Structure formats: C-alpha cells, structure tokens
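Peer 1: quick check, what structure comes out for this input:
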Amino acid sequence: MASRLQRLARGAALGFRRAPGEIEASVRALIDRERQVHDQVAAQRSPTFASTIARLAQLENDTTAESAVVTFLQNVDSDKRVRDASSDAERELRSFRMASLMRED
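Peer 2: Below you'll find the predicted structure:
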C-alpha cells in the first residue's frame with residue numbers, strides 16, 4: 001500500500017507538455033470557471049464566510065497550478081507556437097482577472 005506522501009506526490013504532478021490548442025482550451029476553462037464562481041458569489045442573498053471568502057480561496061487553490069503551467073511555458077518551451085500561446089494565455093488571464101477585480105457586485 002502506498003504511503004500518503006506517495007499518493008499525494010502522484011496526484012501533484014504537473015504536465016508541462018502542452019500544444020497551443022490545449023493552452024487555449026485551458027485558459028477558456030479557467031476563465032469560465034472563475035467567472036461562474038464569481039457570478040454565484042455575487043448573486044448571493046445571504047452571504048457567509050463559507051459561501052464567499054472560503055469559496056473564493058478554494059477557487060484560487062483549484063486554479064493556481066493550471067494557470068501557472070499555461071503561463072510558465074512562454075519562458076521555457078522550445079516551440080515558438082507554444083510560447084506565443086502561453087503569452088496570449090497570460091494576457092487573457094490578466095485581463096479577465098483585472099475586470100473581475102473591478103466588478104461592482
């Protein structure tokens with residue numbers, strides 16, 4: 001039986017091999033997920049710590065690794081198309097997150 005540490009290590013492996021289309025799909029999925037959670041949090045009638053702060057913190061935890069991978073590739077991949085897709089991904093994520101921070105709801 002594998003130890004808890006071994007199970008965690010297997011689950012935490014990050015994949016740094018991405019095609020440009022995979023990067024674009026990942027960014028769309030990240031933005032869609034973040035938008036959905038932000039909309040749900042903003043629409044609450046009776047917000048609580050668990051339904052707002054904890055939920056936003058969990059979202060950040062869930063999306064940070066994938067976001068880091070797709071934006072990191074611009075610095076290290078040997079394929080220019082992947083580097084360009086990663087740069088575009090970073091711009092899209094920054095733009096979306098800036099707009100999210102400026103929401104009034």
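Peer 1: all contacts plus neighbour counts: C-alpha atoms, from now on.
Peer 2: Fine.
Peer 1: just checking, next helix/strand downstream of the helix or strand of the chain with the lowest mean pLDDT?
Peer 2: Among the secondary structure pieces of the chain, namely its helices and strands, helix 4-11 has the lowest mean (mean pLDDT, DSSP states H and E), a mean of 59. Reading on from helix 4-11 to the C-terminus, the next helix or strand found by DSSP states H and E is helix 20-42.
Peer 1: let me know the average pLDDT across the helix or strand following that following helix.
Peer 2: Where DSSP H and E defines the elements, the next helix or strand beyond helix 20-42 is helix 53-76. The predicted model assigns helix 53-76 a mean pLDDT of 96.
Peer 1: helices and strands around helix 53-76, which ones?
Peer 2: Packing partners of helix 53-76 (3 or more CA pairs under 8 Å, 6 or more residues apart in numbering; DSSP states H and E): helix 20-42, helix 80-101.
Peer 1: for Ala50, which of those helices is the nearest?
Peer 2: Shortest distance between Ala50 and these, using CA to CA, is found for helix 20-42: 10.5 Å.
Peer 1: for the one residue sitting closest to the centre of the chain, give me its contacts.
Peer 2: Here the mean C-alpha position of the chain is nearest to the C-alpha of Thr63 (CA atoms, centre = their mean), at a distance of 3.2 Å. Thr63 makes contact with Leu30 under the criterion CA atoms under 8 Å, 6 or more residues apart in numbering.
Peer 1: report the separation between Ser67 and Lys80.
Peer 2: Using CA to CA, to the nearest Å, Ser67 is found at 19 Å from Lys80.
Peer 1: more crowded one of these two?
Peer 2: More crowded of Ser67 and Lys80, by other CA atoms under 10 Å: Ser67, with 20 against 12.
Peer 1: list the contacts of that one.
Peer 2: Under the criterion of CA under 8 Å, 6+ apart, the contact list for Ser67 reads 27, 30.
Peer 1: so how far is Leu30 from Arg97?
Peer 2: When distance is defined by CA to CA, Arg97 is 11 Å away from Leu30.
Peer 1: who's more crowded, these two?
Peer 2: Remark: of Arg97 and Leu30, Leu30 carries more neighbours, 19 against 14, as counted by other CA under 10 Å.
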